[in-house]
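Engineer: Curious how this folds, go ahead:
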Amino acid sequence: MMGFWNTPQKVQLPTMAMVVLLVLVFLCTNGVESRKAKHVDCFEYSAISCRAYGASLADFGGVGDGTTSNTKAFQAAIQHLSQYESQGGSQLFVPAGKWLTGSFNLTSHFTLYLHKDAVLLASQDENEWPVIDPLPSYGRGRDTAGGRFISLIFGTNLTDVVVTGENGTVDGQGELWWQKFHKGELKYTRPYLIEIMFSENIQISNLTLINSPSWNVHPVYSSNVLVQGLTILAPVTSPNTDGINPDSCTNTRIEDCYIVSGDDCIAVKSGWDEYGIAFGMPTKALMIRRLTCISPFSAVIALGSEMSGGIQDVRAEDIFAINTESAVRIKTAVGRGGFVKDIYVRRMTMNTMKYVFWIAGDYGSHADNGYDPNAIPVIQNINYHDMVAENVTMAGKLGGLTGDPFTGICISNVTITMAKKGKKVPWNCTDVAGISSGVVPQPCELLADQGPEKIGECNLPEESLPVDNMQVQLCTYRGNYL
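Structural biologist: Prediction:
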């Protein structure tokens, strides 16, 4: 049965507010029949857009028993709801239950909402995962040459899409895929949990994502992206289970997320070697704030290694990391080309780290042998300010390229307490240039100490990014399902 989505109501008078509240109470209770046991859902949630129409997955034959495939139910529901794109948009509500499904495609002006007790179980039947072309900025799959399995929740060339819930769960059931990866049995690159490409005005929020086959959230070739309030969990030894990977995106905001993963909690990307250079779409204007990360073998935030389209104007603040290999890691190599510049990190707290600062110009891992050995990456204007770390093995390992040093590195007001078994020489710097101020232990000579009076030397931008103007509104849903 179709449900009605109320548009947001801007009520100022107390009397009117009471009327609205009474109406909502009536809507949420009306229609409960003693004999028919019809269940009524009524709730509010925050989104970049509200919807005029809605339906439940159960209306399209969905069965939440954990064993029945719901792939066709999801596809039929979204196909039906797509007719409302120009009439106020629509939402698909996923009720409580365990909903086994293969991949399905989203549509524009659409919201997918998961009940708090809803679990999407990713099918382990490869026949429910179509194979699609590699990303044009990569030239091949990440696991194998050639194509890749489509992501569980997928969309391309869309406008105004929300994937959200009341912390409902998406379970990638990744163990089967991880075993195939380790055994070399993959025919195509593993699927991601959520991938939205060539799209704009995207919200992914208030979900729990677990056991992804590979990357969890991958917005790519998109703009105006809000990722908010996600809990992402995977075994810390699971392969390539990156948390959130903005890739060739403009105006992205990632905030209030908790990530435990087997790879980088956030990896910022923009294409691989000659394919990324040719595609030429950078990631820029990215804000990351209020992130908690645990990843013993990877970074809190990685820039690269696939950065051949360029990465510019990334800001990270109020970050907490524990038992993680490195804080912000820049990964690149000869042949990558591109650039990483105008990076600003501040107010970061860490405990039990292998490295705090890690820049690697020798990362390697090329798409194929067609990369250009004259494509030299440019790394410049990298700023770190107001950071505290305890139980650290090595303060910094900074390695640029001989003849093409990484420049403009600034580190200020940073206190690092070394572990009892930490490196006797806490810094290792080659082919880099920059300054430091108020840093303990004292950095290498290539980061010239400016003295405590220059503690604010790292110039952090004061103006906000356009994506900070991306706001959510309160939406109300009432829908019936049997």
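Engineer: So for Gly309, what's the pLDDT?
Structural biologist: What the model reports as pLDDT for Gly309 is 98.
Engineer: who touches it in this structure?
Structural biologist: Shown in contact with Gly309 (C-beta atoms under 8 Å, 6 or more residues apart in numbering): 137, 248, 270-271, 276-277, 279-283, 338. Heads up, the C-betas are built off the backbone N, CA and C, glycines and all.
Engineer: how about a cut-off of 6 Å?
Structural biologist: Contacts for Gly309 (C-beta atoms under 6 Å, 6 or more residues apart in numbering) come out as 248, 270-271, 276, 279-282, 338.
Engineer: cool, and Ser412?
Structural biologist: 385, 437-438, 455, 457-458.
Engineer: which of the residues you listed has the most neighbours?
Structural biologist: Within the contacts of Ser412, most neighbours by other C-beta atoms under 10 Å means Cys458, with 25 neighbours.
Engineer: Quick check: the residue nearest the centre of the chain vs Ile382, distance?
Structural biologist: For the chain, the residue nearest the mean C-alpha position is Ile244 (2.2 Å; C-alpha atoms, centre = their mean). For Ile244, the distance to Ile382 equals 21 Å [C-beta to C-beta, to the nearest Å].
Engineer: Over to Ile196?
Structural biologist: On the measure of C-beta to C-beta, Ile196 and Ile382 end up 29 Å apart.
Engineer: And the strands in the stretch 301-450 of the chain, which stretches?
Structural biologist: Under the criterion DSSP state E, counting those that start in this stretch, strands of the stretch 301-450 of the chain are mapped to 311-324, 326-331, 339-360, 378-399, 406-418, 427-430, 432-440, 447-449.
Engineer: Identify each buried residue in the fifth one, please.
Structural biologist: Yep, that's strand 406-418 we're talking about. 406-414, 416, 418 (16 or more other C-beta atoms under 10 Å).
Engineer: Next: the last one.
Structural biologist: By 16+ other C-beta under 10 Å, the buried positions in strand 447-449 come out as Leu447.
Engineer: Now do it: distance to the chain's middle.
Structural biologist: Between the centre of strand 447-449 and the centre of its host chain there is 34 Å, according to C-alpha atoms, centre = their mean, to the nearest Å.
Engineer: Parallel or antiparallel, which strands does whichever strand or helix holds Phe154 pair with?
Structural biologist: Using DSSP states H and E, Phe154 sits in strand 153-156. With DSSP bridges as the test, strand 153-156 is paired with strand 104-105 (parallel), strand 194-197 (parallel).
Engineer: Contacts for it, please.
Structural biologist: The contact list for strand 153-156 (C-beta under 6 Å, 6+ apart) reads 103, 105-106, 161, 194-198.
Engineer: and if you look at stretch 258-268?
Structural biologist: For stretch 258-268, using C-beta under 6 Å, 6+ apart, the contacting residues are 231-234, 236-238, 240-246, 283, 292-295, 298-303, 311.
Engineer: Restricted to buried residues, select the residues you listed in PyMOL.
Structural biologist: Those of the contacts of stretch 258-268 that count as buried under 16+ other C-beta under 10 Å are selected in PyMOL with:
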select buried, resi 231+232+233+234+236+238+240+241+242+243+244+245+246+283+292+293+294+295+298+299+300+301+302+303+311
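Engineer: Excluding chain neighbours, what is closest to Thr241?
Structural biologist: Excluding its sequence neighbours, the residue lying closest to Thr241 (C-beta to C-beta, 6 or more residues apart in numbering) is Ala234, at 3.9 Å.
Engineer: Surely that neighbour and Asp242 touch.
Structural biologist: No. Using C-beta atoms under 6 Å, Ala234 is not in contact with Asp242, being 9.3 Å away.
Engineer: okay, the buried residues of strand 406-418 in TSV with pLDDT and distance to Val392 next?
Structural biologist: Conversion of the buried residues of strand 406-418 to TSV gives the following (pLDDT from 0 to 100; distance: C-beta to C-beta, whole Å):
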residue	pLDDT	distance to Val392
Phe406	98	22
Thr407	98	25
Gly408	97	24
Ile409	97	18
Cys410	97	20
Ile411	96	14
Ser412	96	18
Asn413	95	16
Val414	97	11
Ile416	98	5
Met418	97	6
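Engineer: Can you point out the buried residues in stretch 335-350?
Structural biologist: 335-346, 348, 350.
Engineer: Can you tell me which of the residues you listed comes closest to Asp65?
Structural biologist: Taking C-beta to C-beta as the measure, Asp65 lies nearest Met350 of the buried residues of stretch 335-350, at 44.0 Å.
Engineer: contacting residues for the closest one?
Structural biologist: By C-beta under 6 Å, 6+ apart, the neighbours of Met350 are 321, 327, 389.
Engineer: Reformat these as a markdown table; add neighbour count.
Structural biologist: Formatted as a markdown table, the contacts of Met350 follow (neighbours: other C-beta atoms under 10 Å):
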| residue | neighbour count |
| --- | --- |
| Ala321 | 27 |
| Ala327 | 25 |
| Ala389 | 22 |
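Engineer: quick check, nearest of the residues you listed to Asp117?
Structural biologist: Ala321 (31.0 Å).
Engineer: Show the contacting residues for that closest one.
Structural biologist: 293, 300, 350.
Engineer: do you know how far the nearest residue to the last one once chain neighbours are set aside is from Phe320?
Structural biologist: By the measure of C-beta to C-beta, 6+ apart, the closest residue to Met350 outside its immediate chain neighbours is Ala389, 3.9 Å from it. As for Ala389, its distance to Phe320 is 11 Å (criterion: C-beta to C-beta).
Engineer: same deal with Ile416?
Structural biologist: For Ile416, the distance to Phe320 - C-beta to C-beta - is 16 Å.
Engineer: for Thr189, same thing?
Structural biologist: On the measure of C-beta to C-beta, Thr189 and Phe320 end up 32 Å apart.
Engineer: Show me which of those two is the more surrounded one.
Structural biologist: Higher neighbour count among Thr189 and Phe320: Thr189, with 25 against 17, using other C-beta under 10 Å.
Engineer: mind listing what the more buried one touches?
Structural biologist: 141-144, 148.
Engineer: quick revisit: quick check, nearest of the contacts of Ser412 to Asn224?
Structural biologist: His385 (27.6 Å).
Engineer: thought that closest one was touching Cys458?
Structural biologist: Yes. Assessed by C-beta under 6 Å, His385 is found in contact with Cys458 at 4.6 Å.
Engineer: can you pull out the helices in this protein?
Structural biologist: Here the chain has its helices, by DSSP state H, at 14-29, 71-81, 175-183, 273-279.
Engineer: Tell me the spacing between Tyr113 and Asn469.
Structural biologist: The value you get for Tyr113 to Asn469, if C-beta to C-beta is used, is 24 Å.
Engineer: For the two, indicate the residue with more neighbours.
Structural biologist: Neighbour comparison, Tyr113 and Asn469: the larger count goes to Tyr113, with 28 against 10 (by other C-beta under 10 Å).
Engineer: was I right about the more buried one contacting Glu166?
Structural biologist: No. Assessed by C-beta under 6 Å, Tyr113 is found out of contact with Glu166, at 8.1 Å.
Engineer: Tell me how many other residues surround the residue lying closest to Pro213 once chain neighbours are set aside.
Structural biologist: Spatial nearest neighbour of Pro213, excluding adjacent residues (C-beta to C-beta, 6+ apart): Trp177 at 3.6 Å. For Trp177, the count of nearby residues is 28 (other C-beta under 10 Å).
Engineer: and what of the one 4 residues further on?
Structural biologist: When counting by other C-beta under 10 Å, one arrives at 20 neighbours for Phe181.
Engineer: Quick check: it touching Thr241?
Structural biologist: No. Judged on C-beta under 6 Å, Phe181 makes no contact with Thr241 at a distance of 10.7 Å.
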